[in-house]
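**Student:** Got a sequence here, can you build the structure:
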Amino acid sequence: MASSKEIGTSSLSVPQAQFPAINSPQRLGGGSVGSLQSPSRGKVALKPGRSLMDWIRLGRSGKDLTGVGGKILQVTKEELAKHNKPDDAWMCLKGKIYNITPYFEYHPGGFDELMRGVGMDATDLFNEVHKWVNFESMLEKCFIGRLAESRSRPASTKSSQALKPPSPVVPRPLQPPQSSTEAVDGRIQIDGVKNIQIDKQPPRHDWFQTGSTVSIVIYTKWKDMTEDRIILDKNEKKFKITVFVDDHCLLLHWDLEDNITTDYEVKVSGGAGKVDIVLWKQTEGNQWKSLGNPLTDHNTFQKISDREMQYRDCILKHKESISHDTYILCLQPPEGSRLVVPIGYHVFVRLNVNGMEVVRPFTVVIPSLLANQIDRDIVDGKAFYLMVKIYQDGVLTPHIGKLNPGDTITASDPDGNFKLSKLETCQRLLLLAAGTGFTPMVRLIHYSLQHGDNNRKVNLLFFNKTEKDILWKEQMEKLKEDERFECTYILSEPSDEWKGPTGRIRRELLDNYVPKPETDLNTLLCVCGPTPFTKTTIQQLTDYGYEETDIHGFVA
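**Tutor:** Residues are numbered from 1 along each chain as shown. As a prediction, the model looks like this:
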């Protein structure tokens, strides 16, 4: 999905910092709103001829964008600090120095945002809002050299290092550990943690086996743990478990003693956060002496914000047109991977466009609002769906529009911060969406009507330009037969025949279509669309009387 042109929607959890600037175009005004804890990726008006495609063409023109004649330099911090002016701007990202002077006019976030990082190591600032962007591809033609001290300087306190390989595995009785420091697979789980910059102890894990299965148990102790917070990846005998525990990520990684099938069973014990992962042995009856050899990144535990985004090559299984410019794509993760995307989360899609790697976030949807049950492949993590609008002048989506079943799309781990518990406990759900800001609402609507409190009211205000832009209108008209669901369409460019409300978000529409706040009714409001829409709508809702904690803004 996209805001402005081509952005997906979902909240990104960002550490508190002063980048982007508080009053910059990349932040939503009015401070934090409910779960809206991240900066919005607002765009500024660029001059004609300054689009991403124009930047790609400039890079391929042969013009020297380095400003140093293409020489590869070793740059000290003192030298870097001298290049901090608009007409002479260098920036360090992950130890690499770039001349960003020619990029100022092409930066969608504006001049001021880039100036905050010039003349310095801007890696942490960049990661807070642009971690998913491949800057090496974007700024390849601006590369000057490397920071002279990059090899010897101490690691950032925000980074996490992999643990040293643990000691050899020793067989032991198969019983649950009794303390946080007890050996698991014959080694101490906690002792090596001092090598990682963390503020929490990693969850303990254990394993046991039968003649046909191997079970791995992880004790997260996180009451909100769900099955969609666990990713499994198998490549031959290498097996990786990624567990998202609140705002941290646990990685377990082995070269298994013997092979397993790709049929996995994942169970989570409600309230206790205990995770059971059942694997089926490829050779039934073979008794394993251990799980296998832990790999170098095994048992690492770090903040999600410090973690490098992981990507997988997925196969486009099928593609369905749902409007004049929008498709539903069904993607299949690699064989051996289990990837279940939580409600309200997005994935980043990465494609190579004219030699440059372009990344955009897209919220994961379901194939239909009318299905009584979710498709089994989705539940098992063997498929996920994206709703993609094709912008003819866009950089990424025209290429997606040309893909056919069988083609490869590279997609990331799920990303976002929507809390399902807020949805489960609300009695009334108010959704305000503009254009493809509808995508995160799809699963919210379906879940609300199919799970939990059968009396929950769902009210959608759906803003579009024209009637033909309304996505899944027929399905929503069918849903309106359920008295719990209401939907109102608002058009900004209506035809003469249109009888419904028109215009943009404003107080009059809230007065007519949004219930007043009630102290005895738990209400959740979700907003998604282009940044100006999201910003204005949240302000309108708070002026209307809703508390900031009642509002979740999906931004990316």
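**Student:** Show me what the helix or strand harbouring Ala433 pairs with in its sheet, parallel or antiparallel.
**Tutor:** Assigned by DSSP states H and E, Ala433 belongs to strand 428-434. For strand 428-434, the paired strands and their directions (DSSP bridges) read strand 457-464 (parallel), strand 523-528 (parallel).
**Student:** Tell me the first helix or strand C-terminal of it.
**Tutor:** Per DSSP H and E, the helix or strand that comes after strand 428-434 is helix 439-450.
**Student:** can you list the residues that contact that next one?
**Tutor:** Taking contacts as CB atoms under 8 Å, 6 or more residues apart in numbering, the residues outside helix 439-450 that touch it are 1, 8-10, 343-344, 346, 362-366, 369, 371-372, 387, 418, 423, 429, 431, 433, 456, 458, 460, 472, 479, 482, 484-485, 526, 528, 554. All C-beta spots, glycine's among them, are computed from the backbone N, C-alpha and C.
**Student:** Weed out the non-buried ones from these.
**Tutor:** With neighbours counted using 16 or more other CB atoms under 10 Å, the contacts of helix 439-450 contain these buried positions: 1, 8-10, 343-344, 346, 362-366, 369, 387, 418, 423, 429, 431, 433, 456, 458, 460, 472, 479, 484-485, 526, 528, 554.
**Student:** Inside helices: which ones of the residues you listed?
**Tutor:** 423, 479 (DSSP state H).
**Student:** circling back to that earlier point, tilt between the strand holding Ala433 and helix 439-450?
**Tutor:** Comparing the axes of strand 428-434 and helix 439-450 via axes from the mean of the first three to the mean of the last three CA atoms, to 10 degrees yields an angle of 160 degrees.
**Student:** and strand 428-434, C-alpha only, in PDB?
**Tutor:** Included here for strand 428-434 are C-alpha records, laid out as PDB according to Å, rounded to 0.1, in the frame of the first residue of the first chain:
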ATOM      1  CA  ARG A 428     -16.200  -0.200  19.300                       C
ATOM      2  CA  LEU A 429     -13.700   0.000  16.400                       C
ATOM      3  CA  LEU A 430     -13.600   3.200  14.300                       C
ATOM      4  CA  LEU A 431     -11.500   3.100  11.100                       C
ATOM      5  CA  LEU A 432     -10.600   6.100   9.000                       C
ATOM      6  CA  ALA A 433      -8.800   5.200   5.800                       C
ATOM      7  CA  ALA A 434      -7.800   7.100   2.600                       C
END
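**Student:** What is the distance between that strand and the centre of its chain?
**Tutor:** The gap between where strand 428-434 is centred and where its chain is centred comes out at 21 Å by CA atoms, centre = their mean, to the nearest Å.
**Student:** Give me the residues contacting that strand.
**Tutor:** 423, 440-441, 444-445, 448, 456-464, 505, 514-515, 521-530, 533, 537, 541.
**Student:** Any quick ChimeraX command for the buried ones out of those?
**Tutor:** Paste this into ChimeraX to select the buried members of those, with burial taken from 16+ other CB under 10 Å:
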select :423,440,441,444,445,448,456,457,458,459,460,461,462,463,464,505,514,523,524,525,526,527,528,529,530,533,537,541
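**Student:** Number of residues surrounding Gly416?
**Tutor:** Number of residues near Gly416 (other CB atoms under 10 Å) recorded here: 26.
**Student:** Relative to Gly553, how far out is it?
**Tutor:** Using CB to CB, to the nearest Å, one gets 12 Å for the distance from Gly416 to Gly553.
**Student:** what pairs with Tyr264 across the strands?
**Tutor:** According to DSSP bridges, the partner residues bridging Tyr264 are Leu279.
**Student:** Can you tell me how far it is from Val275?
**Tutor:** As it turns out, when the distance is counted by CB to CB, Tyr264 lies 12 Å from Val275.
**Student:** and what of Val75?
**Tutor:** Here the criterion is CB to CB. By it, Val75 lies 46 Å from Val275.
**Student:** Between those two, which has more neighbouring residues?
**Tutor:** For Val75 against Val275, the residue with the higher neighbour count under other CB under 10 Å is Val275, and the figures read 26 against 21.
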